[in-house]
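Participant: Could you work out the structure for the sequence below:
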Amino acid sequence: MKLKILQPISIGILLLGFFSIILFEECDAGDENHEISIENKSYEVVKTEKLGTQTVTYFKISIILHNSDNIISEDITVTIWDENDGHQTHRNGTIPPGKSLPFVFGESNDWMVVGLGEHNVNIIFSHTNESRKTQYNSGSSTLVIRTNDAISDNSSPGFEIILVVISIVALMFFKRKNKR
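Facilitator: Numbering: from 1, shown residues only. Below is the predicted model of the structure:
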């Protein structure tokens with residue numbers, strides 16, 4: 001009699017354990033799809049200044065992250081720094097499911113590099129809570145930014161010469177017209 005009752009209970013426990021494992025694995029697979037990736041990275045030179053013997057260039061840097069999951073991302077931190085001078089800053093945000101979010105640095109002239117030429121800007125993004133960091137919600141990349149070798153003073157070189165030539169031609173034209 002005990003054997004007849006024990007057998008269905010044992011089968012029930014085994015089936016419950018089997019279905020629990022299957023359901024648990026499906027939840028883990030959903031977490032692996034929570035993938036954050038860099039969709040685009042770009043920069044633009046805002047201005048260049050000469051401070052003493054140093055040249056300082058201000059940039060606006062945009063890093064666009066994409067969430068390919070079907071749930072909103074938790075808080076993500078994007079950190080950038082220049083390899084040459086160690087200047088570092090970060091931004092935080094959450095990314096809606098299936099959407100992209102730009103993280104913009106330098107909107108208030110707070111991202112600058114000292115010196116001309118190429119600068120490597122390291123980019124790291126990850127979950128703000130380090131204990132929740134995985135290979136799916138973190139990553140890194142490098143953005144090479146270039147500064148101009150000349151400081152822009154917002155003038156167009158040679159434009160003054162063109163104005164002088166046009167003025168001389170106009171004067172000669174009016175002088176000939178008045179002689180007739």
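Participant: Would you mind listing where the chain has pLDDT under the threshold?
Facilitator: Applying pLDDT under 70 to the chain flags the ranges 1-4, 6, 14-34, 109-110, 148-159, 180.
Participant: can you give me the helices for it?
Facilitator: 2-32, 159-179 (DSSP state H).
Participant: if we look at the shortest one, which residues are touching it?
Facilitator: What it means is helix 159-179. The contact list for helix 159-179, computed with C-beta atoms under 8 Å, 6 or more residues apart in numbering, is empty. In this view, the C-beta of every residue, glycine as well, is placed from N, C-alpha and C.
Participant: neighbours around residue 49, how many?
Facilitator: The number of residues packed near residue 49 is 12, by other C-beta atoms under 10 Å.
Participant: neighbours of the nearest residue to it once chain neighbours are set aside, just the number please.
Facilitator: Spatial nearest neighbour of residue 49, excluding adjacent residues (C-beta to C-beta, 6 or more residues apart in numbering): residue 56 at 5.1 Å. Neighbours of residue 56 under the rule other C-beta under 10 Å: 17.
Participant: Now do the contacts for residue 56.
Facilitator: Shown in contact with residue 56 (C-beta under 8 Å, 6+ apart): 48, 49, 50, 112, 113, 114.
Participant: quick one: which of the residues you listed has the most company?
Facilitator: residue 113 (20 neighbours).
Participant: Please report the distance of the most centrally placed residue in the chain from residue 117.
Facilitator: What sits nearest the mean C-alpha location of the chain, by C-alpha atoms, centre = their mean, is residue 63, with 1.0 Å. Residue 63 sits 22 Å away from residue 117, going by C-beta to C-beta, to the nearest Å.
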